[in-house]
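Enquirer: Model the following, please.
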Amino acid sequence: MTYRLSYDPETEPAQDALPPSVSEALTVALTNACDDPLGATHPYGMADFTIRQVIVDGAYAVLYVSHQSKTLHVTQIAPLP
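Expert: Below is the predicted model of the structure:
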């Protein structure tokens, strides 16, 4: 079942500030996470099914996964060195 993607107000500008190729890769990874939230993401901190991360070459995103509302809420986007 497909999940809906939601952004914190601060995360969209953070993604826009990434180089275009990194932003595009992150968009693809987040789209894949909507189709398979646990298979297309990695645990963030404690291994649970709620706080997850998507990692691409050059950036990562932290997600709050709401299985009840079928929403992936992007809480943080940051570049990787």
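
Enquirer: Could I get the full set of strands for the protein?
Expert: 4-7, 42-43, 51-56, 59-66, 71-79 (DSSP state E).

Enquirer: May I see the buried residues of the longest one?
Expert: Think strand 71-79. Neighbour-count burial for strand 71-79, with 16 or more other CB atoms under 10 Å as criterion, is recorded at 71-75, 77. The C-beta positions use only the backbone N, C-alpha and C, and glycine is treated the same way.

Enquirer: Most widely separated two among those residues?
Expert: Greatest spatial distance in the buried residues of strand 71-79: T71 and I77, 16.7 Å, computed using CB to CB.

Enquirer: what sits against the residue nearest in space to the middle of the chain?
Expert: Against the mean C-alpha coordinate of the chain, by CA atoms, centre = their mean, the closest residue is A61 at 4.2 Å. Shown in contact with A61 (CB atoms under 8 Å, 6 or more residues apart in numbering): 11, 15, 26, 29-30, 53-54, 74, 76-77.

Enquirer: mind listing what R4 touches?
Expert: By CB under 8 Å, 6+ apart, the residues touching R4 are 34, 69-72.

Enquirer: what are the bridge partners for it, then?
Expert: As for beta bridges, R4 partners with T71 under DSSP bridges.

Enquirer: gap between it and G39?
Expert: Distance from R4 to G39, counting by CB to CB, to the nearest Å: 17 Å.
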